[in-house]
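Participant: sequence first, then the predicted structure:
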Amino acid sequence: SQPGGFWSQGGDGWSFLNGGDGMQMQVDPRDSSVVYTGFQFGNYRRGGRDGGEVRARALWDEPPLRYNWNTPVLLSPHNPDVVYMGANRLYRSMDRGHHFTPISGDLTRGKRAGDVPFATLTTISESPRAFGLLAVGSDDGMVWISEDGGAAWREATRGLVRDRWVSRVQLSAHERKRVYLSLNGYRDDDMSAYVYASEDLGKTWRSIAAGLPAEPVNVVREDPVNADLLYVGTDRGVYVSIDRGQSWQALQAGLPNVPVHDLVVHPRDRELVAGTHGRSVWIVDVLPLQDLTAEVRAKAAHWFYVAEVDYERGWRARPDRWFGHNEQPSKAVLTYWAAEAGKGTLKVLDSKKQVVREIALDAARGINRYEYDLKVDPTLGVAAEAARIAEADKDAKEPKTEGALARTPLAEALRLGFPPYITPG
């Protein structure tokens, strides 16, 4: 979501879903048309075939609820029919938001006058490891943990800076008792970075902000694949830790200096998606970071997984000077680790392990990226092709009857003036 409403992206580009000011949203993993979107102060709707209003309400004899401008909403990772919604109390629905039941009392420090409601919940997390293991945070610095689905709550603020906006709380997907927390103090003219970790469900906290610049933190996110990998979004960008918060480094990757309000790791594509304030959505491949284990870092060099590239018949054609100028050239993105800076050679081999191209690499220390254009060296490629044919003819019992295109696709492509792309096999 972004200022100006909620949008979804598909094959035909972006489409409008709902209004609002860039609020929290949830998508049912079973049906992407079922999207929970809303606008200020808890006014939410559920999209899709069974769409309708989604809003927790106080009973007639109870005090009115206080909703944050950006109301927290969460679908249970164990059952998407279960919806959590935060006001100054936490509510739960077991039927996709048709009916809500309070599962807490007031989890804030209490009502305080202001231009908009204050003393409200701002973040909700349910442990992926245990249904009903819950954590919430509020705009007035309160943090609470429940291990029994909201029947009992324990305050978990000891050791934290007081009265700071809880921008995010996340229960770990790797360890049941691990919790991550970020606080944001810019509303109090406090630009410090506050990020904490707990190994005992918030009974004790330790700061893991050392090494981060003095920038208000909007989100901390644990990687779902690599337990040592953490991401932080601040008012100036994104930072990453490969050692569970012992050290941090920038993960800009072309991202401008812009407030990052949310981060999520796509579980299938293994990409980090950043929602920014005013500069749209940014995506970066984090598979190399996920696979950057201590064993990999101990190596002098290491190639990470390379995604398959589908061969296209259109490669065997001259570029069209009228209609081909906007086409994206075919390529394979190669990512590798280098323990030290230096020069090296990338050798491209065919199915017979013959070299068809040599590429000089100038590696920096750390993770490097090279975009291979899928072309071979004409001289090396034709020689390798001829060697394959000679070997096949030597063992053949009958003369080959294929045409030149089938037997020598590279040589034929060069004869016709086509680009020397690699061919399947």
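Facilitator: Cool, the structure landed.
Participant: export the helix or strand containing Arg92 as CSV, just CAs?
Facilitator: Assigning secondary structure by DSSP states H and E places Arg92 in strand 90-93. Extracted in CSV, the C-alpha atoms of strand 90-93 (Å, rounded to 0.1, in the frame of the first residue of the first chain):
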residue,chain,number,x,y,z
LEU,A,90,-6.3,-6.9,20.8
TYR,A,91,-9.2,-8.5,19.0
ARG,A,92,-9.4,-11.9,17.3
SER,A,93,-11.8,-13.2,14.6
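Participant: which strands and helices sit next to that strand?
Facilitator: If contacts are counted by 3 or more C-beta pairs under 8 Å, 6 or more residues apart in numbering; DSSP states H and E, strand 90-93 sits against strand 83-86, strand 101-102. In short, each C-beta sits where N, CA and C put it, glycine included.
Participant: Provide the contact partners of the shortest one at residue level.
Facilitator: So the one you mean is strand 101-102. 56, 89-94 (C-beta atoms under 8 Å, 6 or more residues apart in numbering).
Participant: tell me which of those is nearest to Leu272?
Facilitator: Using C-beta to C-beta, Leu90 is the member of the contacts of strand 101-102 that sits closest to Leu272, with 28.4 Å.
Participant: my read: the closest one touches Val136, true?
Facilitator: Yes: with contacts defined as C-beta atoms under 8 Å, Leu90 counts as touching Val136 at a distance of 5.8 Å.
Participant: in the stretch 251-400 of the chain, where is pLDDT below threshold?
Facilitator: Residue ranges of the stretch 251-400 of the chain with pLDDT under 70: 314-328, 396-400.
Participant: just the strands in it please.
Facilitator: Shown for the stretch 251-400 of the chain, the strands assigned by DSSP state E, counting those that start in this stretch span residues 260-265, 271-276, 281-285, 301-303, 332-338, 342-349, 355-363, 366-372.
Participant: quick one: these as JSON lines, columns for mean neighbour count and distance to Glu412 too.
Facilitator: Below are the strands of the stretch 251-400 of the chain laid out as JSON lines (neighbours: other C-beta atoms under 10 Å; distance: least, C-beta to C-beta, whole Å):
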{"stretch": "strand 260-265", "mean neighbour count": "20", "distance to Glu412": "45"}
{"stretch": "strand 271-276", "mean neighbour count": "20", "distance to Glu412": "38"}
{"stretch": "strand 281-285", "mean neighbour count": "16", "distance to Glu412": "35"}
{"stretch": "strand 301-303", "mean neighbour count": "15", "distance to Glu412": "31"}
{"stretch": "strand 332-338", "mean neighbour count": "17", "distance to Glu412": "23"}
{"stretch": "strand 342-349", "mean neighbour count": "13", "distance to Glu412": "20"}
{"stretch": "strand 355-363", "mean neighbour count": "15", "distance to Glu412": "16"}
{"stretch": "strand 366-372", "mean neighbour count": "14", "distance to Glu412": "23"}
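Participant: right, and Asp139 touches Thr123 too?
Facilitator: No: counting by C-beta under 8 Å, Asp139 sits too far from Thr123 to count as a contact (9.5 Å).
Participant: hang on, the earlier thing: of the contacts of strand 101-102, just say which sits nearest to Gly185.
Facilitator: Distance to Gly185 across the contacts of strand 101-102 (C-beta to C-beta) is lowest for Leu90, with 23.9 Å.
Participant: quick revisit: what touches both of Leu90 and Val136?
Facilitator: Residues touching both Leu90 and Val136 by C-beta under 8 Å, 6+ apart: 104, 107, 121, 124.
Participant: next, the contact list for the second one, please.
Facilitator: So the one you mean is Leu107. Taking C-beta under 8 Å, 6+ apart, we find Leu107 in contact with 88-90, 121, 136, 138, 142, 144, 153.
Participant: again, but for the third one
Facilitator: In this structure, Leu121 makes contact with 68, 72, 86-90, 107-108, 136-139, judged by C-beta under 8 Å, 6+ apart.
Participant: what's the closest of those to Ser167?
Facilitator: Of all those, Gly137 has the smallest distance to Ser167: 7.8 Å, by C-beta to C-beta.
Participant: scan this protein for its longest helix.
Facilitator: Taking DSSP state H as the assignment, the helix of the chain that covers the most residues is helix 378-395.
Participant: what's the neighbour count on Lys111?
Facilitator: Residues lying near Lys111 (other C-beta atoms under 10 Å) number 15.
Participant: before we move on, what about the one 5 residues further on?
Facilitator: In terms of burial, Val116 registers 11 neighbours under the definition other C-beta under 10 Å.
Participant: would you list the shared contacts of Leu90 and Val136 in a markdown table and tack on pLDDT, distance to Tyr370 and secondary structure?
Facilitator: A markdown table is the format used below for the shared contacts of Leu90 and Val136 (pLDDT from 0 to 100; distance: C-beta to C-beta, whole Å; DSSP: H, G, I helix; E, B strand; the rest coil):
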| residue | pLDDT | distance to Tyr370 | secondary structure |
| --- | --- | --- | --- |
| Ser104 | 97 | 52 | coil |
| Leu107 | 97 | 50 | coil |
| Leu121 | 97 | 46 | strand |
| Ile124 | 98 | 42 | strand |
